[in-house]
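Trainee: Just a sequence and a predicted model for now, questions to come.
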Amino acid sequence: MMTLSLGASAGLTEIGALDRVSVEEFQAASLEGLRSRYRGPDSIPQGSVVTFLLRCVPRTYTVDLLVADIEEVVPSQAFDFVHLPRDRRRTGNITLAHINFVDCETAMRAFFALSGRRWCLAPTAQPCSVVPAHVQGLHANLAH
């Protein structure tokens, strides 16, 4: 399932385990500044990562809800692929999603924004966990 979405939301949000900052401040911050302030639960990825696996996605999330939640901290033009597999035996998803970003810098900004962040559109005890996906890149994900 691929989703391309339009429009991003602004406002205040928790940036990983960083202090609350506006989306605009987050986008303007340097990667080194974000790295030095990061206190999130996930290890900072090394190398050229553009595709992440998001863990602990609320089961009730659809692709549209997932994209809306991500757009709270990451502009929609920053990613070009979202895959949220559905659980065939249960109602809902399997709590994992793949998201591909347009470049490595954008992916790292998204990592800092999403790692450890509480989901906004559904109550859940588990924050978002972000790890590099095994399959990297838009074309590789579409072929997979």
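Mentor: Thanks, I have the structure now. Numbering: from 1, shown residues only.
Trainee: following the biggest helix by length in the chain, which helix or strand comes up?
Mentor: Assignment by DSSP state H gives helix 104-114 as the longest helix of the chain. Downstream of helix 104-114, the next assigned helix or strand under DSSP states H and E is strand 129-132.
Trainee: follow-up on the earlier one: could you list the buried residues of the longest helix of the chain?
Mentor: 106-114 (16 or more other Cβ atoms under 10 Å). For glycine as for every other residue, the C-beta is placed from the backbone atoms N, C-alpha and C.
Trainee: Which parts of the protein are helices?
Mentor: Here the chain has its helices, by DSSP H, at 23-28, 31-37, 63-70, 104-114, 138-143.
Trainee: Relative to Ser43, how far out is the nearest residue to Arg55 once chain neighbours are set aside?
Mentor: Using Cβ to Cβ, 6 or more residues apart in numbering and skipping the chain neighbours, the partner closest in space to Arg55 is Ser129 (3.9 Å). Ser129 sits 11 Å away from Ser43, going by Cβ to Cβ, to the nearest Å.
Trainee: Same drill for those two, tell me which one is more crowded.
Mentor: Using other Cβ atoms under 10 Å as the criterion, Ser129 and Ser43 rank with Ser129 on top: 19 against 10.
Trainee: could you dump stretch 104-121 to CSV, C-alpha only?
Mentor: Extracted C-alpha coordinates of stretch 104-121, given in CSV (Å, rounded to 0.1, in the frame of the first residue of the first chain):
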residue,chain,number,x,y,z
CYS,A,104,19.1,10.9,4.2
GLU,A,105,19.0,14.3,5.9
THR,A,106,15.2,14.3,5.9
ALA,A,107,15.1,10.7,7.2
MET,A,108,17.4,11.7,10.1
ARG,A,109,15.2,14.7,11.0
ALA,A,110,12.2,12.4,10.9
PHE,A,111,14.0,9.9,13.1
PHE,A,112,14.6,12.5,15.8
ALA,A,113,11.0,13.7,15.5
LEU,A,114,9.4,10.3,15.7
SER,A,115,11.6,8.2,18.0
GLY,A,116,9.9,8.0,21.5
ARG,A,117,7.0,10.2,20.4
ARG,A,118,3.6,9.4,21.7
TRP,A,119,0.9,8.7,19.0
CYS,A,120,-1.5,11.6,18.8
LEU,A,121,-4.6,10.1,17.3
